[in-house]
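Asker: Sequence first, predicted model second:
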Number of protein chains: 2
Amino acid sequence: MITECPVPRPEKERILLGHGAGGRLTAELLEQTILPAFGGYEGPLEDASPLPGLGELVMTTDGFVVSPLFFPGGDIGSLAVHGTVNDLAMRGAEPIALSVALIVEEGLELERLEAVLRSLGKAAQEVGVPVVTGDTKVVGRGAADQVFITTTGIGKRLPGLSPSAARARPGDAVLLSGPIGLHGTAVLSTREGLGFEADIASDTRPLHRLVAALSPLGDRLHVLRDPTRGGLAAALNEIARDSAVAVVIDEGTVPVPEPVAAACDILGLDPLHVANEGCMVALVAPDAAETALAALRSFPEGSGAVRIGDALPADGHPGRVVMRTAVGARRVVDMPLGEQLPRIC
Amino acid sequence: MITECPVPRPEKERILLGHGAGGRLTAELLEQTILPAFGGYEGPLEDASPLPGLGELVMTTDGFVVSPLFFPGGDIGSLAVHGTVNDLAMRGAEPIALSVALIVEEGLELERLEAVLRSLGKAAQEVGVPVVTGDTKVVGRGAADQVFITTTGIGKRLPGLSPSAARARPGDAVLLSGPIGLHGTAVLSTREGLGFEADIASDTRPLHRLVAALSPLGDRLHVLRDPTRGGLAAALNEIARDSAVAVVIDEGTVPVPEPVAAACDILGLDPLHVANEGCMVALVAPDAAETALAALRSFPEGSGAVRIGDALPADGHPGRVVMRTAVGARRVVDMPLGEQLPRIC
Ligand SMILES: Nc1ncnc2c1ncn2[C@@H]1O[C@H](COP(=O)(O)OP(=O)(O)OP(=O)(O)O)[C@@H](O)[C@H]1O
Ligand SMILES: Nc1ncnc2c1ncn2[C@@H]1O[C@H](COP(=O)(O)OP(=O)(O)OP(=O)(O)O)[C@@H](O)[C@H]1O
Ligand SMILES: [Mg+2]
Ligand SMILES: [Mg+2]
Ligand SMILES: [Mg+2]
Ligand SMILES: [Mg+2]
Ligand SMILES: [Mg+2]
Ligand SMILES: [Mg+2]
């Protein structure tokens, strides 16, 4: 007689916070679930996508769920503009129009919503991009947390620019436009009441001027990426993967502000994993590195621009990112798993 | 001696469910709070907006928060495609590209998310519109309800078509492409367990083919609008307001399916206030009415097309919508206040 062995039913797989953190879990969800459902994966996952048949136009979207709504240096309203403007800029595009979809929790103080929207409007005006359409939904108390904002942007590529995560080449100089870790630690410090709020402010800001300043580089500007969720580590890993190169960076050149390092110490975080909202990575042909740095440094938002490393031939390890430490050791910079950082943007 | 009278501090104004229901409260929030924050109101509030400098392209966005996620006739995934495709179609545009931003609650079963996304992908494929970009955020348990989806669409106007809510003219025939009330009552009946689920299915479907079928009308197609939140009453009031005309409809011609009427009775709702996701209102020059009806009726999704009334000179009452009842009386069809119908789409 055969008796069935009572195999324990595997627990159903569920969405984890890390699926939204921009690291390995996010990439898995995208590749295994989201993209197949939408008809399959084509080419690199870029910050913004060309519109079919309208090659000079690009489109991007981001939902913003940051908690708290207001943090040192910014708020969900300005963030929703900067994030979307920056994803357009990372494809070499200037912003043409934004849409703004609000999901608001019943009971939210109207004043608070107004403050968020005024900040959003001001940020859009400063960039010179109009909000052309939107939507407003309200859900019952407890069905959302205050307000979520989804901004979608349409941009037009600057003539001659076509940066892509897949265009890095061995030999490229890896540039970073400013210090890392400020946005994520500002939000976390506020949320957790760590007391760094006086020393750390989010770097949230638009990067379209920096990109315009790089446009004389033309085809020698290979890659742009804003290291948002997943931080610098995720951005470099994505570039290395999509371009099938290796990337080597020098620890000593990566600008980590002292209070960011201190906050990361307390929080048990690697500054390379922390989200930024106002800096970008650029890979340029080696003979364009000095010109690019000078162009970036001519703006306040690029005054801290530095060269942090180089792209190298894959040498059997396409997609590998390595950091040379101060003492000359090398450590692999992995794609963060992405568990510890919910609702940073 | 003057003593200060202790005036009770007015309670802070808060967001109500009705602010998201597409009626008067939504219009107030838009006009008094949202649009001023974004730099002021310009022209009619249309289903989709032209992209500045790219007149043939239009953009629209909608957040979807429907509860439950699955309902007779559809689910949040297909709805998110149809709603956005239809707002493009209402400006005479065929869809070119969609973006999809997800906000997911921690703990959602992956299978459930997959089912939603597969339905979304299928609906997009059926319309022939690609999802070109997206975003995925996760918030903690209790900070959202399962999943919210914001879809943004870019469309290209069909040659010769430029329908607008502001283009109705006295004399126009008011057409309706099919029966009303199905979507809202299907969702409510499921949510409240009313037992109508066997008899009522949402009308959620794309309307781009119907609009393409009307394109031979060219400039004689004046207005298109999909009566989603706020129902037929809101759509007609918006058209009458934005075109400064009056609208008169005949009660006997408005198709209200029997089970919809029964469900509305139980729920205390006016079928004119209930959301639809698969029909549209068209105002056409009077000499085009028969051609338009024949074109609509040549498709299954327009098989129930009827003429329900006329646009008239404002006669001192611009924006007024009136219904002639069976017994010859006239009642004003007001803009719904919009309190009773949260999370219908
Ligand atoms: N948060 C917002 N920001 C800017 N414009 C908005 C916002 N919410 C709504 N609007 C504008 O108000 C108008 C009416 O929006 P509404 O969402 O009611 O239209 P709809 O999408 O056609 O209807 P539904 O959302 O019921 O499908 C549109 O022109 C829309 O662009
Ligand atoms: N729900 C989704 N549907 C379709 N594509 C998606 C979805 N979520 C993410 N993507 C795609 O995956 C890639 C990575 O998305 P991600 O949101 O991480 O980029 P990002 O917006 O530059 O970063 P961040 O959101 O941290 O600002 C993009 O190409 C994006 O279009
Ligand atoms: Mg990006
Ligand atoms: Mg982004
Ligand atoms: Mg809408
Ligand atoms: Mg509409
Ligand atoms: Mg809509
Ligand atoms: Mg994103």
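Answerer: Sure, I can see it. Ligands and ions are numbered 1, 2, ... in the order given.

Asker: What's the local residue count around the closest residue to A:Asn237 other than its chain neighbours?
Answerer: In space, and not counting its chain neighbours, A:Asn237 is closest to A:Met335: 4.4 Å by Cβ to Cβ, 6 or more residues apart in numbering or on different chains. In short, each C-beta sits where N, CA and C put it, glycine included. As a burial measure, A:Met335 scores 22 neighbours (other Cβ atoms under 10 Å in any protein chain shown).

Asker: I figured A:Met335 hits A:Leu232, correct?
Answerer: No. Using Cβ atoms under 8 Å, A:Met335 is not in contact with A:Leu232, being 11.5 Å away.

Asker: Tell me where the longest strand sits in chain A.
Answerer: Using DSSP state E, we find that the single longest strand of chain A is strand A:93-105.

Asker: mean confidence score for it?
Answerer: The average pLDDT for strand A:93-105 rounds to 98.

Asker: A:Ser189: what's its closest spatial neighbour, skipping adjacent residues?
Answerer: The shortest distance from A:Ser189 to any non-neighbouring residue, by Cβ to Cβ, 6+ apart, is to A:Phe196 (4.0 Å).

Asker: if I read this right, that neighbour contacts A:Ala261, doesn't it?
Answerer: No. Using Cβ under 8 Å, A:Phe196 is not in contact with A:Ala261, being 10.8 Å away.

Asker: Who has more neighbours out of those two?
Answerer: More neighbours surround A:Phe196 than the other of A:Phe196 and A:Ala261, with 21 against 12 (other Cβ under 10 Å).

Asker: if I've got this straight, the more buried one is in a strand?
Answerer: No. Read with DSSP: H, G, I helix; E, B strand; the rest coil, A:Phe196 is coil and lies in no strand.

Asker: Partner strands of the longest strand of chain A and their direction?
Answerer: strand A:131-139 (parallel), strand A:147-157 (antiparallel) (DSSP bridges).

Asker: Are it and ligand 2 in contact anywhere?
Answerer: No. Strand A:93-105 is not in contact with ligand 2 by Cβ under 6 Å from any ligand atom; minimum separation 13.3 Å.

Asker: mind checking how far A:Leu35 is from A:Pro50?
Answerer: 17 Å (Cβ to Cβ, to the nearest Å).

Asker: Near A:Gly319, how many other residues are there?
Answerer: Using other Cβ under 10 Å, A:Gly319 has 18 neighbouring residues.

Asker: ok, for it, nearest residue in space, not its chain neighbours?
Answerer: Distance criterion Cβ to Cβ, 6+ apart; nearest residue to A:Gly319, sequence neighbours excluded, is A:Arg241 at 4.0 Å.

Asker: and what of A:Ala289?
Answerer: Nearest non-adjacent residue to A:Ala289, counting by Cβ to Cβ, 6+ apart: A:Ala173, 3.7 Å away.

Asker: Quick check: that neighbour touching A:Leu283?
Answerer: Yes. Counting by Cβ under 8 Å, A:Ala173 does reach A:Leu283; the two are 7.0 Å apart.

Asker: neighbour-wise, which of these two wins?
Answerer: Neighbour count, other Cβ under 10 Å: between A:Ala173 and A:Leu283, A:Leu283 has more, with 29 against 21.

Asker: Check the burial of whichever residue of the stretch 51-200 of chain A sits closest to ligand 6 by counting its neighbours.
Answerer: Relative to ligand 6, the nearest point of the stretch 51-200 of chain A is A:Asp135 (9.5 Å; Cβ to the ion). Neighbourhood size, A:Asp135 [other Cβ under 10 Å]: 23.

Asker: next one: A:Val131
Answerer: Neighbourhood size, A:Val131 [other Cβ under 10 Å]: 22.

Asker: Show me the beta-bridge partners of it.
Answerer: For A:Val131, the beta-bridge partners are A:Leu98 (DSSP bridges).

Asker: Give me the pLDDT for it.
Answerer: Reported pLDDT for A:Val131: 97.

Asker: does it really touch A:Val100, like I thought?
Answerer: Yes. At 5.3 Å, A:Val131 counts as touching A:Val100 under the criterion of Cβ under 8 Å.

Asker: Give the residues shared as contacts by the two.
Answerer: A:120, B:38 (Cβ atoms under 8 Å, 6 or more residues apart in numbering or on different chains).

Asker: Pull the contacting residues for A:Ala314.
Answerer: Taking Cβ under 8 Å, 6+ apart, we find A:Ala314 in contact with A:170, A:244-246, A:320.

Asker: phi, psi of it?
Answerer: Backbone torsions for A:Ala314, taken as degrees, to the nearest 10, come to phi -60, psi -30.

Asker: Which of the helices or strands spans A:Leu175?
Answerer: Counting by DSSP states H and E, the element that carries A:Leu175 is strand A:173-176.

Asker: My guess is A:Ala234 contacts A:Ala21. True?
Answerer: No. Contact criterion Cβ under 8 Å: A:Ala234 and A:Ala21 do not qualify, at 9.2 Å.

Asker: which neighbours do the two share?
Answerer: Contact criterion Cβ under 8 Å, 6+ apart; residues shared by A:Ala234 and A:Ala21: A:336, A:338.

Asker: related to what we said a few turns ago, give me the contact status of the longest strand of chain A with ligand 1.
Answerer: Yes. Using Cβ under 6 Å from any ligand atom, strand A:93-105 reaches ligand 1 at A:100, A:102.

Asker: could you point out which element follows that strand?
Answerer: Tracing the chain past strand A:93-105, the next element assigned as helix or strand by DSSP H and E is helix A:110-127.

Asker: now that next one: mean pLDDT?
Answerer: So the average pLDDT for helix A:110-127 ends up being 98.

Asker: Measure how far stretch A:292-306 is from the centre of its chain, please.
Answerer: Distance of stretch A:292-306 from the chain centroid (Cα atoms, centre = their mean, to the nearest Å) equals 19 Å.

Asker: Quick one: end-to-end length of that stretch, please.
Answerer: 10 Å (Cα to Cα, to the nearest Å).

Asker: try stretch A:262-272
Answerer: 14 Å.

Asker: Let me see the contact set for whichever residue of chain A sits closest to ligand 1.
Answerer: The nearest approach of chain A to ligand 1 comes at A:Gly134, 2.2 Å away (Cβ to the nearest ligand atom). With contact set as Cβ under 8 Å, 6+ apart, A:Gly134 has these partners: A:99-102, B:34, B:38, B:61.
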